[in-house]
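*Asks:* need a structure here:
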Amino acid sequence: MEFGCAALQASMKAHLVADVPVGVLLSGGIDSSALAAIAARESSYRVSTFSIGFEERSFNELEQARQIAELYGTDHHELIVRPDADSPAALALHTAGNDLIIGGALLEGRAAAGTGCAVRRTGLNGRGAS
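*Replies:* Purely as a prediction, here's the structure:
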């Protein structure tokens, strides 16, 4: 377990080296929360976190993400996905050919747009979706 933690910390520290601040996609789950914690501790700047939430409460995990962002003092940004046809979610999925992973990446990019941050995808879940 110690080796895994050290390797994760070393990897995250290496990913923080960039010409622009690096942000973390924060779902509120274990993987992204661990990365946000490491980034906040290892970074020389205030780390930005980005979360996507839903109006439908049963799908929304923003509260968990907010708690992690507050705990580690990140500059937290949220994008709320709405089900209407002109929503960013519908447009992203249409652009991505209804591929949820690609559509999600487009939404994450939209959440980070204008912040000056580069956002790193973790892929810790084995599908590259977090």
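*Asks:* Does Leu8 touch Ala39 like I think?
*Replies:* No - between Leu8 and Ala39 there is no contact under CB atoms under 8 Å: 11.1 Å. (C-beta placed from N, C-alpha, C; glycine too.)
*Asks:* the more surrounded of these two?
*Replies:* Neighbours per residue, other CB atoms under 10 Å: of Leu8 and Ala39, the larger number sits with Ala39, 24 against 15.
*Asks:* pretty sure that one belongs to a strand, no?
*Replies:* No - under DSSP: H, G, I helix; E, B strand; the rest coil, Ala39 sits outside any strand and is assigned helix.
*Asks:* can you pull the pLDDT of it?
*Replies:* For Ala39, the model assigns a pLDDT of 92.
*Asks:* burial count for the residue nearest to it when sequence neighbours are not counted?
*Replies:* Distances taken as CB to CB, 6 or more residues apart in numbering place Val47 nearest to Ala39, at 4.6 Å, with adjacent residues excluded. For Val47, the neighbour count with other CB under 10 Å is 27.
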